[in-house]
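Peer 1: Mind looking at a prediction? Sequence and model below.
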Amino acid sequence: MLCVSSTPFPRFLFRFLLILAATIAAWITFGTFRINNNWSWRIPALLQGAASIIQVALIWFVPESPRWLVDQGRIEEAQALITRFHANGDPNDPIVALEIAEIEQACLVDREM
């Protein structure tokens, strides 16, 4: 069992972005369909690669998972992250202690498996 504590991404927004991306990709492919050389397939492929390169470049700015931090023994950092994203900056919010306890319990269960 692997559970990561994070704010859930709204499903409707995920579905909307997925449909939007598929539509854009389809129109780009349709637009390059009539090019009579290798660029008809290279342009869509390069655009997809560019999105991946952007993700790889920006991954360094994404904070670590609170679950991973707890599993590595960095509980204070996990508490700070949960405080920032789930408790609106209030370290005394009961949700912080609750989530840390849940994550620690899940890590113990995972280690026993």
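Peer 2: Thanks, I have it.
Peer 1: Report pLDDT for the residue lying farthest from the centre of the chain.
Peer 2: The centre of the chain is farthest from one residue, Asn36, which by C-alpha atoms, centre = their mean lies 38.6 Å away. What the model reports as pLDDT for Asn36 is 91.
Peer 1: same check, this time on Ser6
Peer 2: Note on Ser6: pLDDT of 50.
Peer 1: now do Asp110
Peer 2: 87.
Peer 1: ditto for Ile19
Peer 2: So Ile19 comes in at 94 (pLDDT).
Peer 1: low-confidence ranges in this structure?
Peer 2: Low-confidence segments of the chain (pLDDT under 70): 1-9.
Peer 1: how about Gln79, secondary structure?
Peer 2: helix (DSSP: H, G, I helix; E, B strand; the rest coil).
Peer 1: Can you give me the separation between the residue farthest from the centre of the chain and Leu18?
Peer 2: 32 Å (C-beta to C-beta, to the nearest Å). In short, each C-beta sits where N, CA and C put it, glycine included.
Peer 1: swap in Ile43?
Peer 2: Ile43 is 21 Å from Leu18, by C-beta to C-beta.
Peer 1: Between these two, point out the one with more neighbours.
Peer 2: Ile43 (15 against 10; other C-beta atoms under 10 Å).
Peer 1: Quick one: neighbours of Leu81, just the number.
Peer 2: Leu81 has 20 nearby residues by other C-beta under 10 Å.
Peer 1: same check, this time on Arg111
Peer 2: If we define neighbours as other C-beta under 10 Å, then Arg111 has 8 of them.
Peer 1: Angles on the backbone of it, please.
Peer 2: Per-residue torsions, Arg111: phi -70, psi -30 (degrees, to the nearest 10).
Peer 1: quick one: contacts of the longest helix anywhere in the chain?
Peer 2: Secondary structure of the chain read by DSSP state H shows that its longest helix is helix 11-32. Helix 11-32 is contacted by residues Trp39, Ser40, Trp41, Ile43, Pro44, Leu47, Gln48 when judged by C-beta atoms under 8 Å, 6 or more residues apart in numbering.
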